[in-house]
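# Let me see the structure of the following:
(one chain, ligands or ions: 1)
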Amino acid sequence: MPKPQELVAGIDRDRLKKMAEREARRFAASRPRTKAALKAGAEAWLDSVPMHWMKDWPMPFPMVVDRAEGARITDVDGYGIDDFCLGDTGSMFGHSPKPVARAIRKQARRGLTYMLPTEAAMEAGRLLTERFGDFRWQVATTATDANRFALRVARAVTGRPKVLVFNGCYHGTVDDTMVERSNGQTRTRPGLTGQVADLTEVATCAEFNDLASVEAALGTGEIAAILTEPVMTNSCMVLPEPGFHDGLRALATKHGALLIIDETHTISSGLGGYTAVHGLDPDIFVVGKCVAGGMPTAVWGLRPKVAADYLAYNAGRPSGHSGMGTTLSANPMQFACLTATLAEVMTPKAYAHMEKGAERLYSGLKRAIEAHGAPWHVVRVGARVEFICAPGPLRNGTEASMAHMPEVEATVHTALLNRGCLIAPFHNMMLISPATKKRQIDRLVTAFDEILTELLPET
Ligand SMILES: Cc1ncc(COP(=O)(O)O)c(C=O)c1O
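Alright, predicted model coming up:
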């Protein structure tokens with residue numbers, strides 16, 4: 001008797017396995033120099049790579065990059081790949097945008113770090129306000145740090161201990177946010193390395209799109225701040241339902257908590273990020289990754305009232321370390337790159353191109369999914385597009401976690417790469433940069449369609 005067909009995300013498991021094995025073999029066989037390069041340097045690094053998540057890509061071993069320019073990345077085996085990962089947003093405006101590369105060359109002749117401002121710093125502050133709104137800014141090096149500092153400020157000015165985050169969120173490696181919701185209760189995420197603190201003492205976890213769970217948490221009077229992305233982009237993508245953000249704003253105000261909006265990924269939404277495009281009103285605004293064109297930089301800004309409260313708090317706190325800031329943050333290279341990006345890269349024209357390309361990608365992927373009858377869907381936030389190997393739309397982190405199909409995703413990612421397209425690891429995210437060409441988008445759609453044709457041949 002033939003064995004019953006076992007389906008995963010609508011795909012026959014045996015067929016998926018066959019493709020996964022073949023694509024992995026194909027990747028490995030075509031990259032002798034990559035393999036040799038990794039082998040030669042492996043011993044010096046902990047677990048053979050300089051950053052552990054380089055091993056989290058779905059290929060048998062990571063690509064070793066020779067160079068990248070615009071929306072193309074070339075590996076040491078000479079393969080030129082259309083890059084839709086774009087450093088998971090760090091290079092959302094393309095690799096080495098020309099104004100940023102120019103700014104780097106110029107600043108490199110004048111020193112790299114001095115713990116003092118430059119004239120460009122003053123200009124960067126003005127441009128940040130012009131682009132993102134009336135905030136009082138500080139510079140950090142990573143969005144993780146920017147979120148950490150924002151949380152410190154929120155606790156300082158409210159005198160409350162906890163942050164409210166959403167199940168399935170990611171705001172960088174900020175310890176306080178590493179909680180999840182299980183059976184209606186907040187708990188520390190079980191996989192955290194070496195975490196000995198009980199994070200439920202400093203964080204509460206609610207469900208996205210569920211204002212009742214937010215209000216219940218705020219009602220305890222313990223919440224200093226709600227920290228959220230406008231769209232959940234770090235699980236399978238979850239869009240806010242109509243009224244959700246207005247509800248968050250109103251509840252935060254009613255209960256005396258601050259609203260921190262982390263735009264690190266949703267800066268893909270358009271000029272000024274999701275906040276400007278959709279008229280949000282955060283108390284604290286955070287953005288990192290691509291804000292300085294790929295130079296490690298993040299910024300956090302306080303509304304004038306929060307800034308005044310914070311300065312008053314600061315004036316009265318005991319002297320000594322504040323626990324805020326890092327030595328290399330707010331260095332002249334960051335100011336030069338911030339200024340170049342804000343003035344010359346993050347332009348209406350660039351966003352118009354990104355939006356148009358992302359719509360083309362969104363429609364192409366959607367068409368392929370529908371043509372093959374896959375029980376999948378596609379979501380888009382400006383220049384950010386994601387296919388999800390489950391039906392949608394998703395409402396919250398719990399649904400997003402169930403929609404994640406690691407086996408299917410890994411196979412599709414590797415198969416796409418073997419067809420010349422790189423998409424983000426961990427989830428199925430693709431970005432359109434100002435440098436991305438129509439033909440690159442069409443190649444990705446064609447490759448995706450070809451993969452689905454093999455995985456779902458009966459349609
Ligand atoms: C929404 C959001 N905030 C913050 C971060 C942290 O950024 P970084 O790793 O640059 O600190 C990330 C990283 O993916 C993110 O997605």
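
# interface residues of the stretch 1-150 of the chain facing the ligand?
Contact residues, the stretch 1-150 of the chain versus the ligand (Cβ under 6 Å from any ligand atom): 142-144, 147. Backbone N, C-alpha and C define where each C-beta goes, glycine included.

# And those residues, which of them are buried?
Judged by neighbour count, with 16 or more other Cβ atoms under 10 Å as the criterion, the buried members of these are 142-144, 147.

# helix or strand for the residue in the stretch 201-350 of the chain positioned nearest to the ligand, which one?
Across the stretch 201-350 of the chain, no residue is closer to the ligand than Thr264, which sits at 3.6 Å (Cβ to the nearest ligand atom). Thr264 is located outside every helix and strand, with elements delineated by DSSP states H and E.

# wouldn't it be in contact with Ala143 here?
Yes: contact status for Thr264 versus Ala143: in contact at 4.3 Å, counting by Cβ atoms under 8 Å.

# Please enumerate the shared neighbours of those two.
Counting by Cβ atoms under 8 Å, 6 or more residues apart in numbering, the common neighbours of Thr264 and Ala143 are 171-172, 286-289, 298.

# Can you tell me the closest non-neighbouring residue to whichever residue of the stretch 301-450 of the chain sits closest to the ligand?
In the stretch 301-450 of the chain, the residue found nearest to the ligand is Phe426; the distance is 9.0 Å by Cβ to the nearest ligand atom. Using Cβ to Cβ, 6 or more residues apart in numbering and skipping residues adjacent in sequence, the residue nearest Phe426 is Asp56, 6.7 Å away.

# Verify the stated contact: that neighbour with Ala424.
No: under the criterion of Cβ under 8 Å, Asp56 is not in contact with Ala424, lying 10.8 Å apart.

# List the buried residues in the helix of greatest length in the chain.
Of all the elements of type helix in the chain, the one with the most residues (DSSP state H) is helix 348-371. Buried residues in helix 348-371, counting neighbours by 16+ other Cβ under 10 Å, are found at 350-351, 353-355, 357-362, 364-366, 368-369.

# Get me the contact residues on the stretch 251-400 of the chain for the ligand.
So far as Cβ under 6 Å from any ligand atom goes, the stretch 251-400 of the chain lies against the ligand at 262, 264-265, 288-289.

# Quick check on these: which are buried?
When burial is judged by neighbour count using 16+ other Cβ under 10 Å, the buried members of these are 262, 264-265, 288-289.

# got those residues as a markdown table, with pLDDT columns?
Below are these laid out as a markdown table (pLDDT from 0 to 100):
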| residue | pLDDT |
| --- | --- |
| Asp262 | 99 |
| Thr264 | 98 |
| His265 | 98 |
| Gly288 | 98 |
| Lys289 | 98 |
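
# Now the residue in the stretch 151-300 of the chain that the ligand sits nearest to. Nearest residue, chain neighbours left out?
Residue of the stretch 151-300 of the chain nearest the ligand, by Cβ to the nearest ligand atom: Gly172 (2.8 Å). Ranked by Cβ to Cβ, 6+ apart and with sequence neighbours excluded, the top spatial neighbour of Gly172 is Thr144, at 2.9 Å.

# What strand or helix carries that neighbour?
Here Thr144 sits within helix 143-158, counting by DSSP H and E.

# Tell me the helices and strands packed up against that helix.
Under the contact definition 3 or more Cβ pairs under 8 Å, 6 or more residues apart in numbering; DSSP states H and E, helix 143-158 sits against strand 136-140, strand 223-228, strand 258-262, strand 284-287, strand 298-302, helix 304-316.

# Just send the ones you listed back as TSV, with distance to Ile104 too.
Converted to TSV, the helices and strands packed on helix 143-158 look like this (distance: least, Cβ to Cβ, whole Å):
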stretch	distance to Ile104
strand 136-140	16
strand 223-228	32
strand 258-262	26
strand 284-287	20
strand 298-302	18
helix 304-316	31
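
# Would you mind measuring from Ala101 to Gly90?
For Ala101, the distance to Gly90 equals 15 Å [Cβ to Cβ, to the nearest Å].

# Equivalent analysis for Leu361, please.
Leu361 sits at a distance of 20 Å from Gly90 (criterion: Cβ to Cβ).

# now do Val174
Using Cβ to Cβ, one gets 18 Å for the distance from Val174 to Gly90.

# just Ala250 next, same as before
Counting by Cβ to Cβ, the gap from Ala250 to Gly90 is 34 Å.

# now stretch 397-407, how far from the chain's geometric center?
Shown here is stretch 397-407, whose average C-alpha point lies 17 Å from the average C-alpha point of the whole chain (Cα atoms, centre = their mean, to the nearest Å).

# what comes up buried for it?
When burial is assessed from 16+ other Cβ under 10 Å, stretch 397-407 yields the following buried residues: 397-400, 403-405, 407.

# For Pro99, give me its contacts.
Under the criterion of Cβ under 8 Å, 6+ apart, the neighbours of Pro99 are 293, 340-341, 343-345.

# Please repeat the previous calculation with a cut-off of 6 Å.
340, 344-345 (Cβ atoms under 6 Å, 6 or more residues apart in numbering).

# from the residues you listed, which would you call buried?
Counted by 16+ other Cβ under 10 Å, these give 340, 344-345 as buried.

# Identify, from these, the entry nearest to Ala216.
If you rank the buried ones among the contacts of Pro99 by distance to Ala216 using Cβ to Cβ, Val345 comes first, at 42.6 Å.

# circling back to that earlier point, check the gap between the residue nearest to Phe426 and Arg13 for me.
Look at Asp56 and Arg13: by Cβ to Cβ, they are 23 Å apart.

# Give me the more crowded residue out of those two.
More crowded of Asp56 and Arg13, by other Cβ atoms under 10 Å: Arg13, with 14 against 11.

# Excluding sequence neighbours, find me the nearest residue to that one.
Distances taken as Cβ to Cβ, 6+ apart place Glu6 nearest to Arg13, at 4.4 Å, with adjacent residues excluded.

# Can you check the pLDDT for Gln5?
Confidence per residue is given as pLDDT, and for Gln5 that number is 78.

# what's the answer for Pro457, then?
Per-residue pLDDT puts Pro457 at 89.

# Tell me which helix or strand it sits in.
Pro457 is part of no helix or strand when elements are defined by DSSP H and E.

# How many neighbouring residues does it have?
Residue neighbour count, defined by other Cβ under 10 Å, stands at 10 for Pro457.
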